[in-house]
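In: Structure for the following, please:
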Amino acid sequence: MKRGFVNQSFFEGWSHQIPEGAPGFRKSLSIVIVDSHATETARYNLSNCWPASWKLSTMESRGNDILIVEVVIAVERFEKA
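Out: As a prediction, the model looks like this:
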């Protein structure tokens, strides 16, 4: 998943739990797709997930690009609701 960086995200904090072996680092998530009227058009339920990687895009000092966060999530079970 990719999105513009605003501040420390849930995913960044979550990714820091794994090397420390924090209990309960696996979580269940839902990805919800909405249309332009904020009406749900699709939902995907993910079980026993953990962030496999988290990284920020690079920025050029003279550019005005948006900083992008990329999160790769490992999933044990995936289903379309």
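In: Does residue 81 touch residue 45 like I think?
Out: Yes. In this structure, residue 81 is within contact of residue 45 by CB atoms under 8 Å, at 5.4 Å. (C-beta placed from N, C-alpha, C; glycine too.)
In: The two: which is more packed in?
Out: Set side by side, residue 81 and residue 45 show more neighbours around residue 45, with 15 against 10, by other CB atoms under 10 Å.
In: in which helix or strand would I find that one?
Out: According to DSSP states H and E, residue 45 maps onto strand 40-56.
In: do the same with residue 15
Out: helix 10-17.
In: Past that helix, which element shows up next along the chain?
Out: On the C-terminal side of helix 10-17, the nearest following helix or strand under DSSP H and E is strand 27-34.
In: quick one: strands adjacent to that next one?
Out: Using DSSP bridges, the strands paired with strand 27-34 in its sheet are strand 40-56 (antiparallel).
In: For the strand it pairs with, buried residues please.
Out: Under the neighbour-count criterion of 16 or more other CB atoms under 10 Å, strand 40-56 has 46, 49, 51, 54 buried.
In: helices or strands next to the next helix or strand after it in the packing?
Out: Going down the chain from strand 40-56, the next helix or strand is strand 68-74, by DSSP H and E. With contacts defined as 3 or more CB pairs under 8 Å, 6 or more residues apart in numbering; DSSP states H and E, strand 68-74 has these neighbours: strand 2-4, helix 10-17, strand 40-56.
In: In TSV, list those along with distance to residue 74 and mean pLDDT.
Out: Formatted as TSV, the helices and strands packed on strand 68-74 follow (distance: least, CB to CB, whole Å; pLDDT from 0 to 100):
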stretch	distance to residue 74	mean pLDDT
strand 2-4	17	68
helix 10-17	11	70
strand 40-56	4	89
